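**Q** fold the following.
(2 chains)
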Amino acid sequence: MPKNLKDNNSERVQEILDVIMSYARFDFSKKTSVIGNETLDAIGAGVNMLGEELETSTISLKEKEQLLKEIHHRVKNNLQIVSSLLNLQSENILDKRYLDLIIESRNRINSMALVHEMLYSSKDLSKIEISHYVERLSKGIEHSLSKNDSSVKFSFNIEPGLFFDIDHMIPLGLILNEIISNSYKYAFPSNEGTITIEMIDTEQFYRMTVKDNGVGFKANFDVKRDSNLGMQLIYMLAEQLDGKVEINNELGVSYQILIPH
Amino acid sequence: METLDPPKNAIELSVFWTWMGEDGIARTKTKPLAEITIKEAVENSAAVSSLYVDRKFPLLIDARNIKSMEREARSHFSTHGRETKITAFAVMVKSPLSRVIGNFFMGLNKPAVPARLFDDETDAINWLKKHV
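**A** Numbering: from 1, shown residues only, chains lettered A, B, ... in the order given. A predicted model of the protein is given here:
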């Protein structure tokens, strides 16, 4: 092969490679030059057409992501509207029992709204990091249930990098909401104490522990007999995740939830 | 037998010639180094459809001189441009370039009517005769 033709072919192969690398970086602005009817022209034309197809697929994927974001945003907004309506309703209620029921319902709705809010704000629309969620959820519950003179504190020990999808996050959020709310309501008569939330991945299952150092259950408290709706929800939602709940009543109340991978 | 030299009465567009053969098979031929964008594709469809009188017909496309066909044009030919008046189409390819473009078109854009690539004109005509 003459040297100048060989050099020319090398240049063209390099040009085609450059374009392929651009496409790999999702930059579809480049195209290879097609100047004749030779094999390299054919390969170049094939690369160009592949780039066009990839660009169209990428745009379509981005549009779907945008749509998913929009859906999460709207679900969150709708849930917040329901929460606000409950808030408004509560202003006319004087009976503390009914008021508590409304606050409980509102907090459950907020725990779900937070999942949707974090999903549409995250880079990956399919999952969220649980440590960020737990901290924000705890703050929300504190804001809702803490009394003026309260000095209940939170301690978090959550393994970084634990991500869950929406099917796990909604039940987990509701479970956390119930346990933290129960601690706020019953564990600290003196409005002082600590709620500790831990989560680790044991490789067989995720272990979530939520405990308080409060007064514990009453002496004759029987979980099966005396469970309120909140406690029933904890068991029901754990079952939905194929998980197990263990409750310990020493030095406060401790819940351990085991969720299989 | 070569039947792909455009006759005098062929419709001439910027990158195509289009005409109806005596055998009831329409023909369209790309000019040398034809670059087909959506504009040329729509023009071609209109020219092919103008050959319709009272019955649908098969189409022989000579793409042996093609240089490029952009995505919108490929999509147009597979979904909109060929479904109303055409019963089937055969695409003639020869050079590596036309072969790549032809295969890409067939592989990614499922045409709405039967479609095949051919190297040989006689084979293409024989196949299209089944769709006259």
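
**Q** the residue of chain B found nearest chain A and A:Glu38: what is the separation?
**A** For chain B and chain A, the shortest gap (CB to the nearest CB) falls at B:Pro96, measuring 3.5 Å. Heads up, the C-betas are built off the backbone N, CA and C, glycines and all. For B:Pro96, the distance to A:Glu38 equals 7 Å [CB to CB, to the nearest Å].

**Q** how about the residues of the stretch 1-150 of chain A by chain B?
**A** A:34, A:36-39, A:41-43, A:45-46, A:48-50, A:52-53, A:56 (CB under 8 Å from any CB of the partner chain).

**Q** report the buried members of those.
**A** A:34, A:37, A:41-43, A:45-46, A:48-49, A:52 (16 or more other CB atoms under 10 Å in any protein chain shown).

**Q** secondary structure element holding the residue in chain B sticking out farthest from the centre?
**A** No residue in chain B sits farther from the centre than B:Asp54, which is 20.1 Å out by CA atoms, centre = their mean. Using DSSP states H and E, B:Asp54 falls within no helix or strand.

**Q** check B:Glu40 too.
**A** Counting by DSSP H and E, B:Glu40 is found in helix B:38-49.

**Q** wait, is A:Leu17 part of a helix?
**A** Yes: counting by DSSP: H, G, I helix; E, B strand; the rest coil, one finds A:Leu17 located in a helix.

**Q** quick one, helices of chain A?
**A** Here chain A has its helices, by DSSP state H, at A:3-24, A:39-90, A:96-121, A:130-145, A:166-182, A:223-226, A:229-240.

**Q** turn those into a markdown table, columns for mean pLDDT.
**A** Conversion of those to a markdown table gives the following (pLDDT from 0 to 100):
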| stretch | mean pLDDT |
| --- | --- |
| helix A:3-24 | 85 |
| helix A:39-90 | 92 |
| helix A:96-121 | 92 |
| helix A:130-145 | 93 |
| helix A:166-182 | 95 |
| helix A:223-226 | 73 |
| helix A:229-240 | 91 |
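
**Q** deepest of those, which one?
**A** helix A:166-182 (a mean of 22; mean count of other CB atoms under 10 Å in any protein chain shown).

**Q** dump it to PDB, restricted to CA.
**A** Output in PDB follows, covering the C-alpha atoms of helix A:166-182 (Å, rounded to 0.1, in the frame of the first residue of the first chain):
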ATOM      1  CA  ILE A 166     -39.600   3.700  46.800                       C
ATOM      2  CA  ASP A 167     -41.100   0.300  47.500                       C
ATOM      3  CA  HIS A 168     -38.800   0.000  50.600                       C
ATOM      4  CA  MET A 169     -38.700   3.600  51.500                       C
ATOM      5  CA  ILE A 170     -42.400   4.200  52.000                       C
ATOM      6  CA  PRO A 171     -42.900   1.300  54.500                       C
ATOM      7  CA  LEU A 172     -39.600   2.100  56.200                       C
ATOM      8  CA  GLY A 173     -40.500   5.800  56.500                       C
ATOM      9  CA  LEU A 174     -43.900   4.900  58.000                       C
ATOM     10  CA  ILE A 175     -42.300   2.400  60.500                       C
ATOM     11  CA  LEU A 176     -39.800   5.000  61.600                       C
ATOM     12  CA  ASN A 177     -42.600   7.600  61.900                       C
ATOM     13  CA  GLU A 178     -44.600   5.300  64.200                       C
ATOM     14  CA  ILE A 179     -41.600   4.400  66.400                       C
ATOM     15  CA  ILE A 180     -40.300   7.900  66.800                       C
ATOM     16  CA  SER A 181     -43.800   9.200  67.400                       C
ATOM     17  CA  ASN A 182     -44.400   6.600  70.100                       C
END
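
**Q** how about the spatially most central residue of chain B, phi and psi?
**A** In chain B, the residue lying closest to the centroid (CA atoms, centre = their mean) is B:Ile61, at 2.8 Å. With angles defined as degrees, to the nearest 10, B:Ile61 sits at phi -110, psi 120.

**Q** the closest residue to it other than its chain neighbours: which element?
**A** Excluding its sequence neighbours, the residue lying closest to B:Ile61 (CB to CB, 6 or more residues apart in numbering or on different chains) is B:Val91, at 4.7 Å. For B:Val91, the host element (DSSP H and E) is strand B:86-92.
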